[in-house]
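In: Next come a sequence and a model predicted from it.
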Amino acid sequence: MARAVTQQRKIINTVLAWGVGLLIFFPILWTILTSFKTEAQAISDPPVFLFFDWTLENYAVVQERSDYMRYLWNSVIIAGGSTVLGIIVAVPAAWSMAFVPSTRTKDILLWMLSTKMLPAVGVLYPIYLIFIKLGLLDSRTGLVIVLMLMNLPIIVWMLYTYFREIPGEILEAARMDGATLKEEILYVLTPMAVPGIASTLLLNFILAWNEAFWTLNLTAAKAAPLTAFIASYSSPEGLFYAKLSAASTMAIAPILILGWFSQKQLVSGLTFGAVK
Amino acid sequence: MSLKNSLLTATALAVVTAGGAFAETTVTIATVNNGDMIRMQGLADEFTAANPDIKLEWVTLEENVLRQRVTQDIAAKGGQFDVMTIGTYEVPIWGSQGWLVSLNDMPDEWDADDLLPAIRGGLTVDGELYAAPFYGESSMVMYRTDLMEKAGLEMPAAPTWDFIKQAAAAMTDKDNEIYGICLRGKAGWGENMAFLTAMSNSFGARWFDENWQPELNGEEWTATVNYYMDLMNNYGPPGASTNGFNENLSLFQQGKCGMWIDATVAASFVTNPNDSTVADKVGFALAPDNGLGKRGNWLWAWSLAIPAGSDATDAAKKFVAWATSKDYTALVASKEGWANVPPGTRTSLYENPEYQSAAPFAEMTLGSINAADPTNPSVKPVPYTGVQFVAIPEFAGIATQVGQEISAALAGQQSVAEALEKAQALAADEMEAAGY
């Protein structure tokens, strides 16, 4: 009897999980479907779901009008650069907070997080002026730095949580064996924290890829990433939803594929230490 | 600048360019995503082929994002853009701030005298032309000829608001999801307030009196907003408080609106058989009036301007002259037909018989543009310029808040009187804080 209940529960849970999953994925699915419709079908009422004349015309138009590869390359450099730079800065910071905490460590952690409590637009103007002075406007270097700084609190917090799960004794043993600080972090700590570091990398790469405030405000023609590519298809006077959807699909495709292939690492990293 | 000076500058420019004295110059152009602008981008190869020393870079953004980006850049002197696409609201404000390069010295063949006077007037500050109009638009009534006939009515070329209400009542068939009239309801200075400000002109209302005191709770504004609410609540589509241009365009194209009063640029969309289910049943009329001598239509021109901080002014000017010239119009006509040329900026276009026969809405567009007077928009005298806006920096903020109050009233959250009292109070506060 107990077995039957478990089985029933399992089915209910599966259905529920699929339901929630589909609900969350539906807007993306709808965007992808709309990208294959004509503009008239995209706004038709009642909306058409699967039975319409599938067309690749929108992709052809977008391809012809915009240099997709340039935007893509900028996105890769900006998201990748800011994530790698962030990890390089955050690993030593999280190490010191996790293994040699001081009385102020908790305050510092909270203070770091507090920088995320201010809406980005609040510091737009100062950063814009600094960028003008430093000649960083519309440059990938500038965006790598800004996005790294924006995501740094999250990176440090995530790494700190993972590092705390690692017994300090192992590091102590390495030190007793004569490991230097660099060796301790590189050869002892890092291999043990790989799932945590991997998921931090992935999550921050996704955050930086989708970041649409700084990337729109600090770029013009040269350093514009895929967020600017999507924005260029939004129009308040004219119904170009199918083309906008095609541009959106092209912009999210790389990150969707990356997420798909790395979902195992992502999930294992995010649930790291959750069950003991 | 005198004619002699203009000639000298133009000659100097020509000599420098012809001599190839400078290496490749990059001109970064900030623009909006609409049909005419995208077409220009597609044809820009013709410009670069004729000017191999100039390289063009494009930044296309949604209208509101673009406005924020270019404002920020021009105020901070970021120098990101060499040509900006801006409208009739920004040009007088930025021009008087000294943020834009004067275009009084454009070459003779560009022919500034050919520009439509209403459009040129809106882009000129103290005798200096600060932007070259790329395309101009006004607003007008678009209506379903079949529904009008069914209702036993005939749309006059220049209707009154009373006729519009009568027709809206006769065309409305809510059981079949046909609504007599579709108007903007979404809050924003360029959304519902653009429509309502233009409408209020025909009711004799004004935003401010000669001493910059707001008049939003006055009887003319009250009459305007009450009339609007009456139309929308009785004959408008449900959920109208979130409808902007695109939502109404979608409703009209699906045959759900009897009439729609909005930008003249919509004419080419609603008559396009690929997108519109009612393409062959659309008629046009001037925006309505109330017999007070002013019509409820607006005036807007997307224009190309050069920021004062640009380091490629000469090259930028060459590009602006090319994109807003008669030759460009002829180029578009030769490649994509006369119906697709950017409308509403030059007298010569409306005198062209080929254009007249290709664009059935040409005459109505010209009539609407000529009927709007940005320097004298309403019945009573005003201290500002602008038909559907007031060309002061504070206006966008004030009108957006006022628009939110009126949108809330349309959604049934408060009465018209409450909305206008709040609007008056906030406008008075903001204007006082701004030192008026």
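Out: On my side now, so go ahead.

In: So, low pLDDT: which residues of the stretch 101-250 of chain A?
Out: Counting by pLDDT under 70, the stretch 101-250 of chain A shows no low-confidence range.

In: in chain B, which spans are strands?
Out: B:25-32, B:54-61, B:83-86, B:124-125, B:128-129, B:132-144, B:179-182, B:257-263, B:282-286, B:299-305 (DSSP state E).

In: Switch the ones you listed over to CSV; also include distance to chain A, mean pLDDT and mean neighbour count.
Out: All C-beta atoms are positioned from the backbone trio N, CA, C, and that covers glycine. Shown next, in CSV, are the strands of chain B (distance: least, Cβ to the nearest Cβ, whole Å; pLDDT from 0 to 100; neighbours: other Cβ atoms under 10 Å in any protein chain shown):
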stretch, distance to chain A, mean pLDDT, mean neighbour count
strand B:25-32, 5, 94, 22
strand B:54-61, 4, 93, 21
strand B:83-86, 11, 94, 27
strand B:124-125, 25, 92, 20
strand B:128-129, 25, 96, 18
strand B:132-144, 9, 94, 26
strand B:179-182, 13, 97, 26
strand B:257-263, 7, 96, 26
strand B:282-286, 16, 93, 21
strand B:299-305, 10, 94, 27
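
In: out of those, nearest to A:W214?
Out: For those, proximity to A:W214 was assessed by Cβ to Cβ; strand B:54-61 is nearest, at 14.7 Å.

In: Next, the angle from that closest one to strand B:25-32.
Out: Put simply, strand B:54-61 runs at 20 degrees to strand B:25-32, going by axes from the mean of the first three to the mean of the last three Cα atoms, to 10 degrees.

In: neighbouring strands for strand B:54-61, and are they parallel or not?
Out: Sheet pairing for strand B:54-61, assigned by DSSP bridges, gives strand B:25-32 (parallel).

In: Centre-most residue in the chain?
Out: Just going to use chain A. The residue lying closest to the centre of chain A (Cα atoms, centre = their mean) is A:I206, at 1.7 Å.

In: meant chain B actually
Out: Centre-nearest of chain B using Cα atoms, centre = their mean is B:W300, 2.4 Å out.

In: I'd say it and B:V265 touch.
Out: No. With contact defined as Cβ atoms under 8 Å, B:W300 does not reach B:V265; the gap is 9.1 Å.

In: quick one: contacts for the nearest residue in space to B:V125 that is not next to it in sequence?
Out: Of all residues not flanking B:V125 in the chain, B:G95 sits nearest, at 4.0 Å (Cβ to Cβ, 6 or more residues apart in numbering or on different chains). Going by Cβ atoms under 8 Å, 6 or more residues apart in numbering or on different chains, B:G95 touches B:V125, B:E128, B:Y130, B:A131.

In: Restricting to C-alpha, output stretch A:102-109 in PDB.
Out: Written as PDB, here are the backbone C-alpha positions of stretch A:102-109 (Å, rounded to 0.1, in the frame of the first residue of the first chain):
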ATOM      1  CA  SER A 102      38.400  38.300  11.200                       C
ATOM      2  CA  THR A 103      35.800  39.900  13.500                       C
ATOM      3  CA  ARG A 104      34.700  42.200  10.700                       C
ATOM      4  CA  THR A 105      34.300  39.500   8.000                       C
ATOM      5  CA  LYS A 106      30.500  39.200   8.400                       C
ATOM      6  CA  ASP A 107      30.200  43.100   8.100                       C
ATOM      7  CA  ILE A 108      32.400  43.100   5.000                       C
ATOM      8  CA  LEU A 109      30.300  40.400   3.400                       C
END
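
In: Could you list the domains of chain B?
Out: Following automatic domain parsing, one gets these domains for chain B: B:3-137+B:299-358, B:138-297+B:388-433.

In: want to throw those domains into TSV with distance to A:S234?
Out: Below are these laid out as TSV (distance: least, Cβ to Cβ, whole Å):
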stretch	distance to A:S234
domain B:3-137+B:299-358	4
domain B:138-297+B:388-433	10
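
In: hey, least reliable of the ones you listed by pLDDT?
Out: Comparing mean pLDDT across the domains of chain B, the weakest is domain B:3-137+B:299-358, with a mean of 88.

In: just checking, A:V121 touches A:L216?
Out: No. Using Cβ under 8 Å, A:V121 makes no contact with A:L216, being 11.5 Å away.
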